[in-house]
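# I would like to see how this sequence folds:
(2 chains)
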Protein chains: 2
Amino acid sequence: MPFELTKELIEKIEFLIEEKNNQELLLHFEDLHHADIAEILDELNLDEATYIIKLLDSDKTAEVLMELDENDREKILSNLNAKEIADEIREMDTDDAADIIAELTEEVKEQVIENLDDEQLAKDIKELLRYDEDSAGGLMAKELIKVNENWSVTGCMTEMRAQAENVTRVHSIYVVDNKGKLKGRLSLKDLITAPSDAHIEDVYIDKVDYVNVHTEGEEVARVMQKYDLEAIPVVDEMNRLVGRITIDDILDFVREEADKDYQMAAGISEDIDTSASIPQMIRARLPWLILALLGGFIAVKVAETFEPAMDKFGVLFFFTPLIAAMAGNVGVQSSAIIVQGLANGTLSGSVFQRLFKELGLSLLNGLILAVILFLGSHFLLGHEYIIGLTVSVSLISVILIASFIGTFVPIVLDKYKIDPALATGPFITTSNDIFGLLIFFTIAKLILGF
Amino acid sequence: MPFELTKELIEKIEFLIEEKNNQELLLHFEDLHHADIAEILDELNLDEATYIIKLLDSDKTAEVLMELDENDREKILSNLNAKEIADEIREMDTDDAADIIAELTEEVKEQVIENLDDEQLAKDIKELLRYDEDSAGGLMAKELIKVNENWSVTGCMTEMRAQAENVTRVHSIYVVDNKGKLKGRLSLKDLITAPSDAHIEDVYIDKVDYVNVHTEGEEVARVMQKYDLEAIPVVDEMNRLVGRITIDDILDFVREEADKDYQMAAGISEDIDTSASIPQMIRARLPWLILALLGGFIAVKVAETFEPAMDKFGVLFFFTPLIAAMAGNVGVQSSAIIVQGLANGTLSGSVFQRLFKELGLSLLNGLILAVILFLGSHFLLGHEYIIGLTVSVSLISVILIASFIGTFVPIVLDKYKIDPALATGPFITTSNDIFGLLIFFTIAKLILGF
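Down below sits the predicted model:
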């Protein structure tokens, strides 16, 4: 029966916390999955959530903490002392432990690591903290099962059982040589079906996909998705096996990146969701609006420059929002395709081929739209033909320029290692507004001569 | 060593195909992963790709076909006869087989199923074809390992080895009763470490997450991500175990959905990538641009209604692109947050709470932007104070309405089971352009009195 978060359940738990009825509380949480407990904690206030975290066993709360929103977690951890945090950390997988510790202040960080009482764990975490969080090193965990190529299958089974204690899920068994260098892999299935007197070097598969600690997360996701891998080993500069990345972490990573790109396209920076606080929301959204507003000033200035046209051709000024909107829409379409192609690694061909295709497409779309605009201007809005001609010719030019900017800017940003998603949304629409109006009035001036 | 797609490799292969040097070709493809072969085929023309598919063994090409873009695959399959397609299908997992068959015409479909020569497979595929492709039934495969609760651990190991032949990856072993109803699960690890004289009913875990054949794909993804599952069993209406969904398929599903949402926000329907043909691109993009253009007509009409203001307050018409752009940007920000919350299932609280929060946020952002606009209008652009006041007051109102529409529309669409992502992008920006201009001129009329 799936878990359901009800108002009654929350009220019950709040009541039990108030009553300090620990026995009843423990009964309630006993059979719940950590992800469900996290959902409950989301609904409680900080003190109540801290109360529950302190009440439950670390082996359960460690996982709960991982499920919480970063901001909530930060607040709860600030209510715990270094020893209590260390107790939680000890129950986590190394990748999660490193992520949590990275969120702490320098001072608390050191105290927590001192309190770990487990040298290997402290060493592993310190190693993981060295890597960029979006690199393979930052995504990997130290927990894995590795066997030496010189072992026998029977010896391997014994050793594996011991190692498996620390590993939540066994995907592949990695084979290393005496120096710890990655040689290949072995599936559990192969191991079960291998004759028990065989040696690992006789049965292992020497083809194994792997990534380097410095490989970017996007590339790890691409490789794992392309080859349908459920786990991938990570090696250091010396080709020594130092960790592994599992597909559930990659799924989280892919979703987060997709969310970020989507929000970026909508003019929202930082990865926020509907539960974000008002100051967080303002921080994520206001800067883009200010950018758009400043761009708007330039657009006003452009229109003012052509004020002399107002007497005879005031009708042109009715068309400015239409022209700006079309420039924005075309620009976003063009840039979205490029940004997505860059993110998924599916962008093929040269920059020129890409621009050529995009401009060809825009020319076709532009011609169709221009005809509609020409007819609409005359028959729907009752303007003279010359006005219809002017706005239609302008529209085609504006669309061509907008698609050029939309295609070119993300490619250039990517070349200079800047996130191309920055180019989508308000940035593209605003700059296309400005260029669009400039082109529109310039062409109008050429045709109408004001 | 990772595979690299080079121009030289493609040229070499094209040359070998022309020479019909099959021996050399087979040598080239022998050690390549199917995903790499698919990348090579992407670069070849249709005849060349078909040549390679016919040349290689079905056990390899079946997987290659799955990796290809749907359009390319369709073209290659149209070059194969029903028996050749059946040969490929037979080598696929049932979920892939059903997906491919679903793409065929009714006539070919029947011929291929007739040619399968495997009654069980034909039955499985026909069953899978019944489900909606985005439901759990449409995502699941029939390949899984199930054991009866009454078996012994030893008997189970033997049976499992036989079943494992058909299953690429063993995640969980599912436990069923005599009627085929799902009772629980067993991990390979548990099975290896269990005493060999135990019975399954003594060692299996009776808590198991599962979904129904009719559960939507988004919900399957949410459950698997929440509980970090690598596979989830699927049951029918009678609770009988009928299939399982693996996380690699969910990763593909999540990525596709995210891509679709992102493109929708950018005004691109259909799931296309940079390799799409020009007609595909036009189909995906032109309708949105036409919608925006028609909206633009209305915006022109709105501005024209206020033409009498042009003589005295022509300056207002310089501000229309700025007002429209701000309305569009705010609307997209608001709707993106809602659309994403709906997609990830993180939208909590009532519609009114949501609107209230969003309007509060917009009021704050609006006030800050209005101050900047007021100052900018006077000091940067040299307008009179009364003009600055007019546009600033209008801006706040426009932003409030825009965020109201941006929040409200996706929620309403979702309520009526329409994809809320439809509301983002051109739809929101266009309707906000129109409402924005209407509000702007109305407020200007009230303040300036023209």
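
# measure the spatially most central residue of chain A to A:Ile250 for me?
Relative to the mean C-alpha position of chain A, the nearest C-alpha, by CA atoms, centre = their mean, is the one of A:Glu257, at 1.5 Å. Going from A:Glu257 to A:Ile250 by CB to CB, to the nearest Å gives 10 Å. (C-beta placed from N, C-alpha, C; glycine too.)

# Overlap in contacts, the two.
Residues touching both A:Glu257 and A:Ile250 comprise A:Ala221, with contact defined as CB atoms under 8 Å, 6 or more residues apart in numbering or on different chains.

# ok but A:Gly173 is inside a strand, no?
No Gly there; residue A:173 is Ile. Yes. Assigned with DSSP: H, G, I helix; E, B strand; the rest coil, A:Ile173 falls within a strand.

# was I right about it contacting A:Leu191?
Yes. Counting by CB atoms under 8 Å, A:Ile173 does reach A:Leu191; the two are 6.6 Å apart.

# any shared contact partners between the two?
Shared contacts of A:Ile173 and A:Leu191, defined by CB under 8 Å, 6+ apart, comprise A:156, A:160.

# dump the residue contacts of the residue nearest to the centre of chain A.
Contact analysis of A:Glu257 by CB under 8 Å, 6+ apart lists A:217-218, A:221, A:343.

# Name the nearest of these relative to A:Met160.
A:Ala221 (28.2 Å; CB to CB).

# Which of the helices or strands spans the closest residue to A:Phe3 other than its chain neighbours?
In space, A:Phe3 comes closest to A:Asp36 once its chain neighbours are excluded; the distance is 4.4 Å by CB to CB, 6 or more residues apart in numbering or on different chains. Here A:Asp36 sits within helix A:34-43, counting by DSSP states H and E.

# neighbours of the spatially closest residue to A:Ala62 that is not a sequence neighbour, just the number please.
Leaving aside its sequence neighbours, A:Ala62 sits nearest to A:Glu91 (CB to CB, 6+ apart; 3.6 Å). Residues lying near A:Glu91 (other CB atoms under 10 Å in any protein chain shown) number 16.

# Can I get stretch A:249-257 in PDB, CA atoms only?
Provided in PDB are the C-alpha atoms of stretch A:249-257 (Å, rounded to 0.1, in the frame of the first residue of the first chain):
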ATOM      1  CA  ASP A 249      22.500   9.500  -8.800                       C
ATOM      2  CA  ILE A 250      22.800  10.200 -12.600                       C
ATOM      3  CA  LEU A 251      19.000  10.200 -12.800                       C
ATOM      4  CA  ASP A 252      18.900  12.900 -10.000                       C
ATOM      5  CA  PHE A 253      21.700  14.800 -11.800                       C
ATOM      6  CA  VAL A 254      19.900  14.700 -15.200                       C
ATOM      7  CA  ARG A 255      16.600  15.900 -13.700                       C
ATOM      8  CA  GLU A 256      18.300  18.700 -11.800                       C
ATOM      9  CA  GLU A 257      20.200  19.900 -14.900                       C
END
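
# avg pLDDT for it?
Across stretch A:249-257, the average pLDDT comes to 88.

# And for stretch A:295-314?
What stretch A:295-314 shows for mean pLDDT is 91.

# swap in stretch A:276-289?
88.

# Check which residues of that stretch are buried.
Using 16 or more other CB atoms under 10 Å in any protein chain shown as the test for burial, stretch A:276-289 gives A:276, A:281-282, A:284-286, A:288-289.

# thinking again about what came up before, over to the residue nearest to the centre of chain A: give its phi and psi.
The phi/psi pair for A:Glu257 (degrees, to the nearest 10) reads phi -60, psi -40.

# now A:Ile205
Phi and psi for A:Ile205, reported as degrees, to the nearest 10, are phi -100, psi 120.

# The one 10 residues further on too?
The phi/psi pair for A:Thr215 (degrees, to the nearest 10) reads phi -60, psi 140.

# Confirm for me that it is in contact with A:Ala136.
Yes. If you go by CB under 8 Å, A:Thr215 and A:Ala136 touch, sitting 4.3 Å apart.

# I'd guess A:Pro233 is in a strand, am I close?
Yes. Applying three-state DSSP, one finds A:Pro233 inside a strand.

# For beta bridges, what are the partners of it?
Here A:Pro233 shows beta-bridge partners A:Arg244, assigned using DSSP bridges.

# Now for the closest residue to A:Asp47 other than its chain neighbours, how many residues are close by?
Using CB to CB, 6+ apart and skipping the chain neighbours, the partner closest in space to A:Asp47 is A:Asn79 (8.0 Å). For A:Asn79, the neighbour count with other CB under 10 Å is 14.

# Would you mind identifying the helix or strand in chain A with the lowest mean pLDDT?
Lowest by mean pLDDT, DSSP states H and E among the helices and strands of chain A is helix A:188-193, with a mean of 72.

# wait, what's in contact with A:Asn22?
Contacts of A:Asn22 were listed using CB under 8 Å, 6+ apart, and they are A:Leu55.

# The same query, at a cut-off of 10 Å, please.
Neighbouring residues of A:Asn22 by CB atoms under 10 Å, 6 or more residues apart in numbering or on different chains: A:16, A:51, A:55.

# Please apply the same query to A:Gly328.
The contact partners of A:Gly328, taken as CB under 10 Å, 6+ apart, are A:402, A:406, A:425-426, A:428-433, A:436, B:267, B:292, B:321, B:324-325, B:328-329, B:426, B:429, B:433.

# hang on, it in a strand?
No. Assigned with three-state DSSP, A:Gly328 falls outside any strand and is helix.

# Give me the pLDDT value at it.
Confidence at A:Gly328, expressed as pLDDT, is 90.

# Domain-wise, how is chain A divided?
Per automatic domain parsing, the structural domains of chain A span A:7-139, A:146-255, A:278-448.

# For those domains, state which one has the densest average packing.
For the domains of chain A, the largest average neighbour count (mean count of other CB atoms under 10 Å in any protein chain shown) is found in domain A:278-448, namely a mean of 21.

# how far does that domain sit from the chain's center?
On the basis of CA atoms, centre = their mean, to the nearest Å, domain A:278-448 sits 28 Å off its chain's mean C-alpha point.

# Now do the end-to-end distance for it.
End-to-end span of domain A:278-448 (CA to CA, to the nearest Å): 50 Å.
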